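Undergrad: this is a predicted model, with the sequence first.
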There are 2 protein chains.
Amino acid sequence: MRYSEDHKARTRQRIIREAAERFRRDGVDATGLQTLMKALGLTHGGFYAHFKSKDELVEIALQEAAGQLGEVSERLFASDDPLDAFIDSYLSAEHRAGPGRGCPLPTISAELGARGHASPTTDAVVRERLEMIEKNLPAEHAREQGVALLASLVGALVLSRSVADEELSDRILGDTRAYLKRQVKEESPA
Amino acid sequence: MRYSEDHKARTRQRIIREAAERFRRDGVDATGLQTLMKALGLTHGGFYAHFKSKDELVEIALQEAAGQLGEVSERLFASDDPLDAFIDSYLSAEHRAGPGRGCPLPTISAELGARGHASPTTDAVVRERLEMIEKNLPAEHAREQGVALLASLVGALVLSRSVADEELSDRILGDTRAYLKRQVKEESPA
DNA sequence: TGTACATCAGTGAACGCGCGTTCACTGATGTAC
DNA sequence: TGTACATCAGTGAACGCGCGTTCACTGATGTAC
């Protein structure tokens, strides 16, 4: 069966998008290539016509996820109150419930790092995220505050997904949200 | 072979301690029962004389890890500057390098939560940790600040272990440490 | 216009491997007589 | 004191399963003549 010129490229893209979702939602280790390909109506053997190994796909999917997040955040950072919008979005119930469409830092990067496979792509994601945040902070303690702010966001999301009690989970998101927004306002008295 | 009266109980404890270390260091999924038992000079078949399933051991090992952390933090919180000591210890290079002996929240709990297996034990660990922190914060915003502080600690550790560049990793720990300590001081003017 | 051939994305069986779990068994010891 | 038996922590082969990876193959299409 011959296919249109860009057919293979489009299949490759479909695999990457599906992987980016599943790696974030179910975990890298827990996502089998067989299941992944089947979900796209393909068989697992064809995988290696597109990627050298699962590890290569992990790296590419992490970049894809980061790119998706970058687009979303750029929209948020274009609003009137960029940091508030970003904090609200990051610590929302939607983000907690949809890891497959969310930030890869608390999911893919955390899993890779925990296994001792820290990926350079994670560095790029972290740096990009930090730059966006720091640009919107007043100069004085921007660097330190930027890092601490990102850490709070990632940690609160991880914790909110880890606890079984929904009330506690809501409190983790809500209190962190309130505290961070207050901090950001206090340090930037316009 | 007959054994001393407490022999089985001591073997059980050895399994729990080894599991608590490996689950934190290598991950729950990546730790096979065969490897775990072999590391103790035992064979894997005997595992089920001690535990109903791997899942049961995971729960027990998480409690063990939390208990170990509890002891350490109690010592820290007995010092002159309890919160500073806790922050320094949590965000130290030693804690980053030794997940197997550290806080289970960025490791076991994060992994379980990411797989959608949020464990009630995690709730207990989070609540315990929060109480310790809040007790040492001034009343006004203690609740919100306590949650945000814990989130920062967990997030900074996760991120510092996820990035490949050591300099960036150090910056994540160092800047978060500096910022949090400054925050704690500003909010509690003695 | 008709036929032979090349292309190549995708197929699916097979590989060795480690997983969690089960279970009939071992064998050193303590107890009963 | 000597022998038969019960105990039971630990042994190790076996189960079905899904993993990542390999590879000979398929078959619809475009091209060459």
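TA: Sure thing, it's come through. Numbering: from 1, shown residues only, chains lettered A, B, ... in the order given.

Undergrad: where's whatever residue of chain A ends up closest to DNA strand C relative to residue A:37, distance?
TA: Evaluated by C-beta to the nearest atom of the strand, chain A has residue A:45 as its residue closest to DNA strand C, separated by 1.5 Å. Heads up, the C-betas are built off the backbone N, CA and C, glycines and all. To residue A:37, residue A:45 is 8 Å away according to C-beta to C-beta, to the nearest Å.

Undergrad: repeat that for residue A:132.
TA: Counting by C-beta to C-beta, the gap from residue A:132 to residue A:37 is 35 Å.

Undergrad: before we move on, what about residue A:154?
TA: Going from residue A:154 to residue A:37 by C-beta to C-beta gives 31 Å.

Undergrad: can you pull the contacts of the most centrally placed residue in chain A?
TA: Taking C-alpha atoms, centre = their mean, the centroid of chain A lies closest to residue A:103, which sits 1.7 Å from it. Residue A:103 makes contact with A:65, A:69, A:90, A:95, A:154, A:157, according to C-beta atoms under 8 Å, 6 or more residues apart in numbering or on different chains.

Undergrad: what about the closest residue to residue A:16 other than its chain neighbours, how many residues nearby?
TA: Residue nearest to residue A:16 in three dimensions, not counting chain neighbours: residue A:64, with 5.1 Å by C-beta to C-beta, 6 or more residues apart in numbering or on different chains. Neighbours of residue A:64 under the rule other C-beta atoms under 10 Å in any protein chain shown: 19.

Undergrad: and residue A:64, what element?
TA: Element membership of residue A:64 [criterion: DSSP states H and E] is helix A:54-76.

Undergrad: please apply the same query to residue A:143.
TA: helix A:142-162.

Undergrad: now the element after that helix, going C-ward?
TA: helix A:166-187.

Undergrad: ok, that next one near chain B or not?
TA: Yes. Using C-beta under 8 Å from any C-beta of the partner chain, helix A:166-187 reaches chain B at A:168, A:171-172, A:175-176, A:178-180, A:182-183.

Undergrad: ok, and of those, which contact DNA strand D?
TA: Filtering the residues of helix A:166-187 next to chain B for neighbours of DNA strand D using C-beta under 7 Å from any atom of the strand leaves an empty set.

Undergrad: separation between the nearest residue to residue A:178 once chain neighbours are set aside and residue A:174?
TA: In space, and not counting its chain neighbours, residue A:178 is closest to residue B:144: 5.3 Å by C-beta to C-beta, 6+ apart. Per C-beta to C-beta, residue B:144 is found 9 Å from residue A:174.

Undergrad: same deal with residue A:48?
TA: From residue A:48 across to residue A:174, the span is 46 Å (C-beta to C-beta).

Undergrad: quick one: which of these two has more around it?
TA: Per other C-beta under 10 Å, whichever of residue A:48 and residue A:174 has more neighbours is residue A:174, with 16 against 11.

Undergrad: can you report phi and psi for residue A:119?
TA: Here is the backbone geometry of residue A:119 (degrees, to the nearest 10): phi -110, psi 140.

Undergrad: confirm for me that it is in contact with residue A:105.
TA: No. Residue A:119 lies out of contact with residue A:105 (C-beta atoms under 8 Å); the separation is 11.3 Å.

Undergrad: and residue A:154 and residue A:37? which has more neighbours close in?
TA: residue A:154 (27 against 19).

Undergrad: list the residues that contact the nearest residue to the more buried one once chain neighbours are set aside.
TA: Residue nearest to residue A:154 in three dimensions, not counting chain neighbours: residue B:155, with 3.8 Å by C-beta to C-beta, 6+ apart. Shown in contact with residue B:155 (C-beta under 8 Å, 6+ apart): A:150-156, A:158.

Undergrad: again, only this time at 6 Å
TA: A:151-152, A:154-155 (C-beta atoms under 6 Å, 6 or more residues apart in numbering or on different chains).

Undergrad: just the closest of these to residue A:52, please.
TA: residue A:154 (29.8 Å; C-beta to C-beta).

Undergrad: could you verify my assumption that the closest one touches residue A:106?
TA: Yes. Look at residue A:154 against residue A:106 with C-beta atoms under 6 Å: they come within range, at 5.1 Å.

Undergrad: for DNA strand D, give me its nearest residue in chain A.
TA: Here the residue of chain A nearest DNA strand D is residue A:32; by C-beta to the nearest atom of the strand that distance is 2.0 Å.

Undergrad: quickly note the distance from that residue to residue A:19.
TA: With distances taken as C-beta to C-beta, residue A:32 is found 11 Å from residue A:19.

Undergrad: who has more neighbours, the two?
TA: residue A:19 (27 against 13).

Undergrad: is the more buried one in contact with residue A:60, as I believe?
TA: No. The criterion here is C-beta under 6 Å, and residue A:19 misses it with residue A:60 at 7.9 Å.

Undergrad: intersection of neighbour lists for those two?
TA: If you check residue A:19 and residue A:60 against C-beta under 6 Å, 6+ apart, no residue is contacted by both.

Undergrad: residues near residue A:127, how many?
TA: Applying other C-beta under 10 Å, we find 13 residues neighbouring residue A:127.
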